[in-house]
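A.B. asks: Structure for the following, please:
(one chain, ligands or ions: 1)
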Amino acid sequence: MDSYKHILLAVDFFEQNDVVINRANDLAKRHQAKLSIIHVVDSLPITDAGYGTDIPFNLDLTAELMAAARKRLAELGKKLAVSEDSQWLEMGSPKTEIIRIATENKVDLCVIGSHGRHGLALLLGSTANSILHHAPCDVLAVRLQDN
Ligand code: AMP
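C.D. replies: Below is the predicted model of the structure:
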């Protein structure tokens, strides 16, 4: 079997993240692969239905979310010795952004959790399911236990 050369760890900073992080880190070491990390700040649906007509889009909140996420990602990057140019912080749909970054950066293995925020009731979360179906590369869904 050929070694993986570029592994992308998708991290949602949800429960049991460490299991997924450790698996990706271990695989990168075994394969002597480059390790990149990605976190996507989910774009919030802006809707005024039922709340009145003028809801200002809160740019401060978005900036705060991005700053907090950037800090978490930088801490993880430091822990795993992943350089800044291999730390991807994106905003939008997690599945779309993870697949885009994997495609654009010639990733050959994506490491994700079997479920996270969106998948507690499912065997496979919705982001995980979509990545498995659409990623251009191998995908490892690390099985996380329901609590
Ligand atoms: P889900 O399908 O949403 O339950 O999540 C399954 C896995 O997809 C998580 O364990 C993460 O590896 C990845 N994932 C989900 N949401 C995000 C996100 N916003 N940013 C990065 N990775 C994510």
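
A.B. asks: how much space between residue 97 and the ligand?
C.D. replies: Going from residue 97 to the ligand by Cβ to the nearest ligand atom, to the nearest Å gives 8 Å. Using the backbone N, CA and C atoms, a C-beta is placed for each residue, glycine as well.

A.B. asks: What about contact with the ligand: does the longest strand along the chain have any residue there?
C.D. replies: With secondary structure taken from DSSP state E, the chain has its longest strand at strand 34-42. Yes. Against the ligand, strand 34-42 shows contacts by Cβ under 6 Å from any ligand atom at 38, 39, 40, 42.

A.B. asks: and the third one, what are its bridge partners?
C.D. replies: Beta-bridge partners of residue 40, counted by DSSP bridges, are residue 90.

A.B. asks: Correct me if wrong: it contacts residue 98.
C.D. replies: Yes. With contacts counted by Cβ atoms under 8 Å, residue 40 reaches residue 98, the gap being 6.6 Å.

A.B. asks: neighbour count winner among those two?
C.D. replies: Of the pair residue 40 and residue 98, residue 98 is the one with more neighbours under other Cβ atoms under 10 Å, namely 26 against 23.

A.B. asks: Thank you, goodbye.
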